[in-house]
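J.: Task: produce atomic coordinates for the following.
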Amino acid sequence: MPPPPIAPDGPGQVPYGYPGPQQAPYGGAPYPVGHGYAWPGMQPPPSNGMGTASLVLGIISAVGFLMWPVALVLGILALIFGGIGHGRARRGEATNPGVALAGIICGAAGIVLVLVLFALVIAAEG
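T.: Numbers count the residues shown, from 1 in each chain. Okay, the predicted model is just below:
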């Protein structure tokens, strides 16, 4: 296989109209080097898990209040996860403040339904 042809100006010459090799100041890279793991300007994805978990647990707590021990625990967890999720949404880390608030409301409704069930059972026995 023959060697490639040599340009009229000699080897290593850049043809007219093409930019030549750019030298970076102080021997650095000729292009900006970013620091970190993501592309410059990229935002981390929203963490909507706490708000969603709060809504799911709150709905289960409100619908299944007749299973009072489970409903009480799930309602308390819905309040906790909803508070955390709503706080993340206020800081801009999540994009679902309404879902977190709905989880708080459903969790509170589940707890209230369990307490009303207790009051009815106590009133019926007494």
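J.: Can you list phi and psi of Ala94 for me?
T.: Note on Ala94: its backbone torsions stand at phi -130, psi 160 [degrees, to the nearest 10].
J.: Pull the contacting residues for it.
T.: Neighbouring residues of Ala94 by CB atoms under 8 Å, 6 or more residues apart in numbering: Pro46, Ser47, Asn48, Met50, Gly51, Gly85, Arg88, Ala100. In this view, the C-beta of every residue, glycine as well, is placed from N, C-alpha and C.
J.: Check Trp68 too.
T.: Val114, Leu117, Phe118.
J.: I'd guessed the first one sits against Leu72; true?
T.: Yes - the criterion here is CB atoms under 8 Å, and Val114 meets it with Leu72 at 5.0 Å.
J.: quick one: what helix or strand has Met42 in it?
T.: According to DSSP states H and E, Met42 maps onto no helix or strand at all.
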